[in-house]
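Student: could you work out the structure for the sequence below:
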Amino acid sequence: MPVDDVTYQKEIKEWQAKRDADLKSASSPLNLIGIYFLKEGVNTFGSAETNDLVLPKGKIAEHAGQYVLKNDTITLQLKEASGVEYKGITVLTKSDLPSPDDTKLVSKDTTIQIQHGSLKWFLFISGGRIAARVLDAQSENQLAFKGVERFPVNKKWRVEAKFQPYEEGKKIEITTVKGKTNLRAAAGLVVFTLEGKEYKLEALDRGPNLFFVFSDQTSVNDKTYAFRFLSAKKPGADHVVIVDFNKATNPNCAFSSHAPCPLPPAQNKLTIAIQAGEKKYTAAQN
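Tutor: Residues are numbered from 1 along each chain as shown. This next block holds a predicted model:
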């Protein structure tokens, strides 16, 4: 699947612009200020240190509300003066919210997302446990952000790979930077050649996309983060995948210490220096 230089440069420029916009958006990993696992019973939240979910001082009431977890059901209860909003409307009582929040449907789109000023949080399931993910659109990380550095675009790093699918439903163990190991849906291997040598990457299954967590020799000299992320569209019947390292990105944990990034599987520790994509991000460079 060759592409001419002009078309390719345009594609990468547009892709980089979207990536930059995502990093400045409300859902940016720069905005992640905490992940709190809920316990059975009452889980209070607010800016007071005595809360289970401690939110930034000056950005919300000291005691704003609580989640009550009972078996698989969560009820969200708010203080009348909390100032919390749901779908842009200030919530005054529990009856203003859908009840209960069914954790069997918990995801970014189906759980109750509540907001107060620059703060937004919602529930999700991680490793079988229920957690609250808290974002701050005015976080210190976001306010300090001025962009990421990248290697010059080079079409050499856009490679055609052959996809070797696993049997449907296969899962592999993936460990996170937080030290937790769980099973992730694995799609298969992609096989490609760079500088005359064959390499393989293990792909996780992300719906219409293949998702890679990989490391390479540029991280040895600190040019890139210890590992990076990369996505590619799933192939058609020909099993050909375009792996474009010019679209390799810093992982979320490069932008927030709270992000539980997956580490690369052993297969994805490449012995070549991939001088493409995003260079190592540190807040100091901004």
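
Student: bridge partners for Ile130, pull those for me.
Tutor: Beta-bridge partners of Ile130, counted by DSSP bridges, are Ile125.

Student: an error on my part: the question was meant for Phe212.
Tutor: Leu230.

Student: wait, it touches Phe227, no?
Tutor: No. Using C-beta atoms under 8 Å as the test, Phe212 is too far from Phe227 to be in contact (9.8 Å). Bear in mind the C-beta positions are built from the backbone N, C-alpha and C, glycine included.

Student: show the average pLDDT along stretch 77-94.
Tutor: Mean pLDDT, computed over stretch 77-94, is 74.

Student: then stretch 14-28?
Tutor: pLDDT averaged over stretch 14-28 gives 95.

Student: from the chain's centroid, how far away is it?
Tutor: 13 Å (C-alpha atoms, centre = their mean, to the nearest Å).

Student: which residues sit against that stretch?
Tutor: Stretch 14-28 is contacted from outside by 29-30, 120, 135, 137, 142, 145, 147-148, 150, 247, 249, 255, using C-beta atoms under 8 Å, 6 or more residues apart in numbering.

Student: between the residues you listed, which is closest to Ile172?
Tutor: Thr249 (21.6 Å; C-beta to C-beta).

Student: I figured that closest one hits Gly277, correct?
Tutor: Yes. Judged on C-beta under 8 Å, Thr249 makes contact with Gly277 at a distance of 6.5 Å.

Student: okay, and the common contacts of these two?
Tutor: Joint contacts of Thr249 and Gly277 (C-beta under 8 Å, 6+ apart) are Arg228, Leu230.

Student: neighbour-wise, which of the two wins?
Tutor: Between Thr249 and Gly277, counted using other C-beta atoms under 10 Å, Gly277 has the larger neighbour count: 24 against 19.
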